[in-house]
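Engineer: Generate a structure from the sequence data that follows.
(chains A and B)
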Amino acid sequence: MSLLDIFKRRSSAPVARERLQVLLAYERRNRSQPDLVSILREEIMAVIAKHVQIDQDYLQVSMDRGETMSTLEIDIQIPNKSAVPLAMAG
Amino acid sequence: MGKVVVVTSGKGGVGKTTSTAALGAAVAKTGKKVALVDFDVGLRNLDLIMGAERRVVFDLVNVIQGSAKLSQALIRDKRVDTLFLLPASQTRDKDALTEEGVGEVIDKLRSVFDYVFCDSPAGIERGAQLAMRFADEAVIVTNPEVSSVRDSDRIIGLLDARTMKAEQGEQIAKHVLVTRYDAARASRGEMLSIDDVLEILSVPLLGIIPESQDVLRASNLGSPVTLSEPLNAAARAYLDAARRLEGEELPVIVPFERKGFLDRLLGRRAA
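Structural biologist: I've put the predicted structure just below:
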């Protein structure tokens, strides 16, 4: 195989390297700080628990990370007293 | 005092157990006393790779729980008499290993053996963290492939944060062992190169194990490749890696396919 063939072929390793470098730079930055989402989750849970009894599974906290801004999504389901949680059955 | 080396990776199936067996046997062949400890509780396999699966009576969990003595659980290798195996148990109880218990066993092993190799389970959970907890050094087994490199990076983060050494403010010595390296594919740009992997992980290189049928054959036969076929390429790479682990300065030669790369690739040094 000649050198020319090497360049003609779309090699995938440089793409892999670049993707990894970008991803790992991001992951390393976040590794040093405690997991924000789980801290928020715990504290929100504590606040709710003061007033309503809910199960851990009824609280969903997720973070959608954007370039300049991230969105924090909090979904809390408070079941009615009598009802069996139908939403969870599905 | 012996040296405790964890063989870890994060990702499964990259060759931790095979590498533990091959490196351990290579070091033991030089006359050093070596213990291989399987930390993969529930999914033990080091016994199988070592060809000792029918000799397991007691295991790591028995020793920790006090139902067997360490000397009863250690299995002496039939080929190299300074090589021993401490098998994992097949219990499904994930909490069978306690940090205190593991610490005691490692301390005892350290006082008797020159090297204690801890074969980590995959993942980053409790089992993997216990396997690395008391280690002085780490061999991070990595395939030149994106998911393996990413997981290795996670493991490096844990090694620097969750090991005893790290908590005492010391550095755990880390080495990358690249396994299943296919020189032809790397030279065609289809596989991450050694340079790529080292640049991304920034951990010194212990060795490069070429993809080889012989490694599979050795596993089939229940013998570390460094014992059964010491002359083949993969075995030689493991033997060299073992010498580097013992502190020898041996240059790593990247397997190459094309002449043009020769000058650039030769001369890479191990750390």
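Engineer: where does the residue in the stretch 51-200 of chain B positioned nearest to chain A fall, helix, sheet strand or coil?
Structural biologist: Proximity to chain A, evaluated over the stretch 51-200 of chain B using C-beta to the nearest C-beta, is greatest for residue B:189 at 2.4 Å. Where you see a C-beta, it was placed from the backbone N, CA and C, and this is true even at glycine. Secondary structure assignment for residue B:189 (DSSP: H, G, I helix; E, B strand; the rest coil): coil.
Engineer: Which pLDDT value does the model give residue A:1?
Structural biologist: For residue A:1, the model assigns a pLDDT of 55.
Engineer: ok, residues contacting whichever helix or strand residue B:138 is part of?
Structural biologist: Using DSSP states H and E, residue B:138 falls within strand B:137-142. Identification of contacts with strand B:137-142 by C-beta atoms under 8 Å, 6 or more residues apart in numbering or on different chains yields B:3-9, B:14-16, B:19, B:23, B:132, B:148-149, B:152, B:155-156, B:159, B:172-179, B:197, B:201, B:203, B:206, B:245.
Engineer: Could I have the PyMOL command that selects the buried members from those?
Structural biologist: Entered in PyMOL, the line below selects the buried ones among the contacts of strand B:137-142, by 16 or more other C-beta atoms under 10 Å in any protein chain shown:
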select buried, chain B and resi 3+4+5+6+7+8+9+14+15+16+19+23+132+148+149+152+155+156+159+172+173+174+175+176+177+178+179+197+201+203+206+245
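Engineer: overlap between the contacts of strand B:137-142 and the residues near chain A?
Structural biologist: Filtering those for proximity to chain A by C-beta under 8 Å from any C-beta of the partner chain leaves residue B:149.
Engineer: gap between residue B:5 and chain A?
Structural biologist: Relative to chain A, residue B:5 is positioned 24 Å away (C-beta to the nearest C-beta, to the nearest Å).
Engineer: Would you confirm that that residue belongs to a helix?
Structural biologist: No - checked against three-state DSSP, residue B:5 lies outside a helix; its state is strand.
Engineer: where exactly do the strands run in chain B?
Structural biologist: Taking DSSP state E, the strands of chain B run over residues B:3-8, B:34-38, B:75-76, B:83-86, B:115-119, B:137-142, B:173-181, B:205-210.
Engineer: can you list the residues of the stretch 101-250 of chain B near chain A?
Structural biologist: Checking the stretch 101-250 of chain B against chain A by C-beta under 8 Å from any C-beta, the hits are B:145-146, B:149-150, B:153-154, B:157, B:186, B:188-193, B:196, B:199-200.
Engineer: Could I get the pLDDT score of residue 90?
Structural biologist: I went with chain A, as the question did not name one. pLDDT, residue A:90: 42.
Engineer: Please refer instead to chain B.
Structural biologist: 87.
Engineer: What residues does it make contact with?
Structural biologist: So residue B:90 contacts B:41, B:42, B:44, B:59 (C-beta under 8 Å, 6+ apart).
Engineer: what's the farthest-apart pair in the residues you listed?
Structural biologist: Pairwise distances across the contacts of residue B:90 peak at 11.1 Å for B:42 and B:59 (criterion: C-beta to C-beta).
Engineer: Residue A:61 is in contact with residue A:76, isn't it?
Structural biologist: No - under the criterion of C-beta atoms under 8 Å, residue A:61 makes no contact with residue A:76, lying 9.1 Å away.
Engineer: Compare these two and say which is more crowded by neighbours.
Structural biologist: Taking other C-beta atoms under 10 Å in any protein chain shown, residue A:61 and residue A:76 do not tie; residue A:61 has more neighbours (19 against 13).
Engineer: The more buried one belongs to a strand, doesn't it?
Structural biologist: Yes - assessed with three-state DSSP, residue A:61 lies in a strand.
Engineer: ok, and the closest non-adjacent residue to it?
Structural biologist: Leaving aside its sequence neighbours, residue A:61 sits nearest to residue A:41 (C-beta to C-beta, 6 or more residues apart in numbering or on different chains; 4.3 Å).
Engineer: can you map out the helices along chain A?
Structural biologist: Per DSSP state H, chain A carries helices over the ranges A:3-8, A:13-32, A:36-51, A:86-89.
Engineer: list residues touching both of residue B:42 and residue B:59?
Structural biologist: Common neighbours of residue B:42 and residue B:59 (C-beta under 8 Å, 6+ apart) are B:88, B:89, B:90.
Engineer: List just the nearest of those to residue B:217.
Structural biologist: For the shared contacts of residue B:42 and residue B:59, the minimum distance to residue B:217 (C-beta to C-beta) is 24.2 Å, reached by residue B:88.
Engineer: Next up, phi/psi of that closest one, please.
Structural biologist: Main-chain torsions, residue B:88, degrees, to the nearest 10: phi -80, psi 160.
Engineer: can you tell me which residues contact it?
Structural biologist: If a contact means C-beta under 8 Å, 6+ apart, then residue B:88 has B:38, B:39, B:40, B:41, B:42, B:43, B:44, B:46, B:59, B:60, B:61 as its contacts.
Engineer: hmm, back to that, so the residue of the stretch 51-200 of chain B closest to chain A touches residue A:15, yeah?
Structural biologist: No - at 9.6 Å, residue B:189 does not count as touching residue A:15 under the criterion of C-beta under 8 Å.
Engineer: between those two, which one's more packed in?
Structural biologist: Ranked by neighbour count (other C-beta under 10 Å), residue B:189 and residue A:15 place residue B:189 first, with 18 against 12.
Engineer: pLDDT score for that one?
Structural biologist: So residue B:189 comes in at 87 (pLDDT).
Engineer: With residue B:174 instead?
Structural biologist: 97.
Engineer: Run through the residues that contact residue B:5.
Structural biologist: Neighbouring residues of residue B:5 by C-beta under 8 Å, 6+ apart: B:115, B:116, B:117, B:118, B:135, B:136, B:137, B:138, B:139, B:245.
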